[in-house]
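Enquirer: Here's a sequence, model it:
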Amino acid sequence: MPNVMNLQKEDIDTLEKRANYTLAIIGCGRMGLSHAALFAEAGFKVTGADSNPQVLASLKRGKAPFFEPDLDPLLRKNIKEKHFTSSNETRTAAATSDIIVLTIQTSLDEKKRPDYAPLEKACKDIGMGMHASSLFFLTSTVGPGVTQTLVETVENASGLKAGKNFALAYSPIRAIPGRVLRDLQNCTRIIGAVDKNSLNAASIVLSTIAKAGIVEVSNIKVAETAKLFQNAYRDASLALANELACLCEKIGVDYLEVQKAVITDPYCRLPIPRIAGGSVLKDPYLLIEEADNFDMKLRVMKLARELNDDMVDHAIHLVRDAMQACGKPLARTRISVLGVSYRPNIKEPRDSLAMNLVKKLKKKNVYVHTFDPFFTYEELEELGYPPVRTMIKAMEGVDCLLIMIGHNAFKRINLRKFKFLARKPAAIVDMGHVINPIRTEREGIIYRGFGRGVWTK
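Expert: Numbering: from 1, shown residues only. A predicted model of the protein is given here:
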């Protein structure tokens with residue numbers, strides 16, 4: 001097998017040369033499969049390993065178990081050309097590969113502490129299969145220093161030593177669901193490694209798919225911390241935006257208009273307010289956990305998490321206010337929650353706060369239904385939501401439409417049809433910034449919008 005520890009650019013500078021190298025992706029989630037498809041397209045022989053039988057069944061049909069633009073055609077092409085195969089055996093995939101990429105996502109437990117058990121199990125399986133002179137790099141978002149702990153599991157299982165018997169690097173992912181393939185190619189990648197040879201090998205391999213370039217840092221802990229700082233900044237910025245949006249509702253100002261004016265200043269990148277989901281929802285806790293180990297309180301981060309989590313309650317506050325304007329109590333009202341994805345225009349229910357919102361409304365004796373154009377009735381039902389089949393059904397007989405996520409499809413809501421179908425007087429609460437407040441009020445519909453303090457009724 002090739003000695004990847006001493007890899008040089010000329011060793012893999014063509015598709016034909018890359019075909020001599022095998023690469024294993026451990027974890028066929030959204031990020032893992034996207035990596036697999038791009039590496040296969042770059043010429044490597046790729047195996048995607050995952051323990052979930054539903055994922056593997058989907059891959060055998062040439063389909064990803066989720067929707068990601070352009071991914072399925074790329075997978076089918078490389079499956080047909082025998083550049084990509086799938087397996088349920090992590091150990092076997094590691095044993096037959098020169099390059100091993102671990103992409104399993106870090107989860108949080110009920111107390112919002114990181115749960116590294118799935119990563120540790122994968123590392124044990126990898127170590128039991130790994131051969132000398134291979135390259136192992138992680139992409140999972142972890143706390144500072146956690147990669148070293150995980151690698152000790154690999155070393156103990158394999159009898160090999162990182163930097164001496166195999167190359168080791170860490171490269172966090174910069175990609176957003178709905179545009180992962182594009183982001184993996186067009187966003188720079190940070191890489192830290194255990195030694196210079198590992199850094200060189202990992203940079204050369206990753207450069208075959210990361211066209212925007214590589215940012216090499218001095219060690220793995222710096223790379224781990226860089227990713228967490230990035231998401232901490234996003235979370236804190238969003239918390240500021242969300243709090244200012246709530247202020248705009250009180251003083252009668254449209255946050256969106258203010259934001260457009262403010263961002264003309266290149267030093268003030270104020271984001272759009274929203275109910276946070278995705279990695280921003282959980283990654284800051286990895287850093288908070290690490291700081292707690294050193295008896296340090298990250299006050300800004302904890303406050304940002306508290307503020308952003310409170311936005312679900314703020315949505316309910318806006319609904320209650322809208323119902324009061326309609327002359328109706330919140331209890332026993334009928335509300336359709338629109339959008340269960342964690343961000344607009346993608347099909348990704350994980351890390352969404354929509355279920356949290358639905359449960360809180362139900363506790364207040366509200367009759368709730370949900371609709372999302374990216375999910376079938378059966379899929380919503382399986383996720384635990386009370387679904388309706390169509391947008392028309394979502395509007396029929398309700399007192400309020402609560403737009404949780406601003407899918408483009410919701411921009412086309414027919415206000416007159418909603419007024420006709422709803423229980424009058426009716427309201428729209430827009431947390432996704434897709435409904436025009438002036439047109440809504442002109443139709444005789446009560447309007448409340450997140451940060452858009454321009455309503456008059």
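Enquirer: tell me the residue furthest from the middle of the chain?
Expert: residue 327 (39.4 Å; Cα atoms, centre = their mean).
Enquirer: Just give the number of residues close to residue 240.
Expert: Using other Cβ atoms under 10 Å, residue 240 has 15 other residues around it. Every C-beta, even on glycine, is put in place using the N, C-alpha and C of the backbone.
Enquirer: residues contacting it?
Expert: By Cβ atoms under 8 Å, 6 or more residues apart in numbering, residue 240 lies in contact with residue 270.
Enquirer: coming back round to it: which SS state does the residue nearest to the residue farthest from the centre of the chain when sequence neighbours are not counted fall under?
Expert: Distance criterion Cβ to Cβ, 6 or more residues apart in numbering; nearest residue to residue 327, sequence neighbours excluded, is residue 425 at 7.0 Å. Following DSSP: H, G, I helix; E, B strand; the rest coil, residue 425 is assigned to coil.
Enquirer: Repeat that for residue 429.
Expert: Of the three states, residue 429 takes strand under three-state DSSP.
Enquirer: in the sheet, who's paired with it?
Expert: Counting by DSSP bridges, residue 429 forms beta bridges with residue 402, residue 448.
Enquirer: wait, it sits on residue 322?
Expert: Yes - counting by Cβ atoms under 8 Å, residue 429 does reach residue 322; the two are 5.5 Å apart.
Enquirer: Give me the common contacts of those two.
Expert: 400, 448.
Enquirer: isn't the residue nearest to residue 327 right up against residue 326?
Expert: Yes - counting by Cβ under 8 Å, residue 425 touches residue 326, with 4.4 Å between them.
Enquirer: Show me whatever sits in contact with both of the two.
Expert: residue 446.
Enquirer: ranges for the helices of the stretch 101-250 of the chain?
Expert: Taking DSSP state H, counting those that start in this stretch, the helices of the stretch 101-250 of the chain run over residues 117-129, 146-158, 180-186, 196-206, 220-251.
Enquirer: Now the first one: buried residues?
Expert: The reference is to helix 117-129. Using 16 or more other Cβ atoms under 10 Å as the test for burial, helix 117-129 gives 119, 120, 122, 123, 124, 125, 126, 127, 128, 129.
Enquirer: Looking at the helices of the stretch 101-250 of the chain, which one is packed in the most?
Expert: Burial among the helices of the stretch 101-250 of the chain, expressed as mean neighbours by mean count of other Cβ atoms under 10 Å, is greatest for helix 196-206, which shows a mean of 22.
Enquirer: Contacts for it, please.
Expert: The contact list for helix 196-206, computed with Cβ under 8 Å, 6+ apart, reads 4-9, 11-12, 23, 99, 135, 137, 162-163, 167-169, 171, 189, 191-193, 214, 216.
Enquirer: Quick one: mean pLDDT for it?
Expert: What helix 196-206 shows for mean pLDDT is 97.
Enquirer: Quick check: end-to-end length of stretch 267-276?
Expert: Stretch 267-276 has an end-to-end distance of 23 Å (Cα to Cα, to the nearest Å).
Enquirer: mind checking how far it is from the chain centre?
Expert: Here the centre of stretch 267-276 is set off from its chain's centre by 17 Å, with Cα atoms, centre = their mean, to the nearest Å.
Enquirer: Can you tell me how far the closest residue to residue 169 other than its chain neighbours is from residue 2?
Expert: Nearest residue to residue 169, sequence neighbours excluded (Cβ to Cβ, 6+ apart): residue 202, at 3.4 Å. With distances taken as Cβ to Cβ, to the nearest Å, residue 202 is found 15 Å from residue 2.
Enquirer: circling back to that earlier point, reformat the helices of the stretch 101-250 of the chain as TSV; add distance to residue 64.
Expert: Output for these, formatted as TSV (distance: least, Cβ to Cβ, whole Å):
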stretch	distance to residue 64
helix 117-129	20
helix 146-158	26
helix 180-186	10
helix 196-206	22
helix 220-251	24
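Enquirer: Could I get the contacting residues of the spatially most central residue of the chain?
Expert: Closest to where the C-alpha atoms of the chain average out (Cα atoms, centre = their mean) is residue 278, at 4.0 Å. Shown in contact with residue 278 (Cβ under 8 Å, 6+ apart): 176, 177, 342, 343, 348, 351.
Enquirer: got the residue ranges for the strands in the stretch 251-400 of the chain?
Expert: Along the stretch 251-400 of the chain, the segments classed as strands by DSSP state E, counting those that start in this stretch run 334-338, 367-371, 400-403.
Enquirer: closest to residue 384 out of those?
Expert: Across those, residue 384 has its closest neighbour in strand 367-371 (9.8 Å, Cβ to Cβ).
Enquirer: Over to residue 353: give its phi and psi.
Expert: Torsion angles at residue 353 (phi, psi; degrees, to the nearest 10) stand at phi -100, psi 10.
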